[in-house]
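> sequence plus the predicted model coming up.
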Amino acid sequence: KFTNAINFEHPMLLTDYFLDYLLVKTGFKIVEKFNYNNHSHFYTVIKVNEKFDGTIESKYYHYKKMFTDFIKYHQEMVHELNVKIDNEEEVYLFGAHIFSQFLLQFGLNENKIKFILDNSLLKQERRLYGTDLLVKSPKFLSNKKAPIVILKAGIYNIEIKKDILENINSNVRFI
């Protein structure tokens with residue numbers, strides 16, 4: 001349920017169930033599959049002369065439920081975030097990217113966000129596309145007393161949080 005799971009950059013759901021089928025259907029044998037940290041899948045395959053001519057079971061209802069659960073999860077999360085930041089003054093949102101745009105489009109209160117934070121020099125001092133929010137370096141937090149950072153950047157959360165707490169401001173509170 002990462003906020004960047006399905007969007008304009010990742011417009012389709014291709015699960016291992018379907019990928020396995022497509023590989024066998026097009027003449028590949030799966031030698032090994034490796035799931036890395038529950039977010040990336042690596043395959044070792046070899047080309048063979050055999051192709052699978054069968055069909056596969058429909059997963060429509062299963063995947064439809066996954067998608068509707070994904071939407072519901074984000075709607076509820078954004079509602080909870082809005083409640084948490086309602087009475088806060090120093091609120092920042094990390095990521096001048098789809099992570100933030102996704103949350104904002106789901107109703108995250110843009111008026112409560114002072115700035116978007118991002119490590120990319122190319123994005124800093126510019127506006128996050130589709131919003132009125134300016135992007136700043138996370139170093140902007142260095143002299144803040146107890147700022148709150150909304151961090152919903154999927155697999156990058158750990159390294160972002162560690163960098164901010166260890167190198168910029170150990171008083172940052174993350175939600």
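That came through, no problem.

> show me what the longest helix seen in the chain is packed up against.
With secondary structure taken from DSSP state H, the chain has its longest helix at helix 60-85. Counting contacts by 3 or more Cβ pairs under 8 Å, 6 or more residues apart in numbering; DSSP states H and E, helix 60-85 packs against helix 98-105, strand 148-150. Heads up, the C-betas are built off the backbone N, CA and C, glycines and all.

> which elements pack onto the longest one?
Using 3+ Cβ pairs under 8 Å, 6+ apart as the contact criterion, the secondary-structure elements in contact with helix 98-105 are helix 60-85, strand 91-94.

> where does this structure have low pLDDT?
4-5, 7-10 (pLDDT under 70).

> what's the most buried one of the helices and strands packed on helix 98-105?
Sort these by mean neighbour count, taking mean count of other Cβ atoms under 10 Å, and strand 91-94 sits at the top with a mean of 24.

> doesn't F34 make contact with H41?
Yes. Judged on Cβ atoms under 8 Å, H41 makes contact with F34 at a distance of 7.1 Å.

> more crowded one of those two?
Ranked by neighbour count (other Cβ atoms under 10 Å), H41 and F34 place H41 first, with 13 against 9.

> tell me what the helix or strand harbouring the more buried one is packed against?
Using DSSP states H and E, H41 sits within strand 40-47. Other helices and strands packing on strand 40-47, by 3+ Cβ pairs under 8 Å, 6+ apart, are helix 16-25, strand 28-36.

> any idea which of those is most buried?
Scoring the helices and strands packed on strand 40-47 by mean count of other Cβ under 10 Å, the most buried comes out as helix 16-25, with a mean of 15.

> ok, back up a step: between the helices and strands packed on helix 98-105, which gets nearest to K162?
K162 lies closest, by Cβ to Cβ, to one member of those: strand 91-94, at 12.8 Å.
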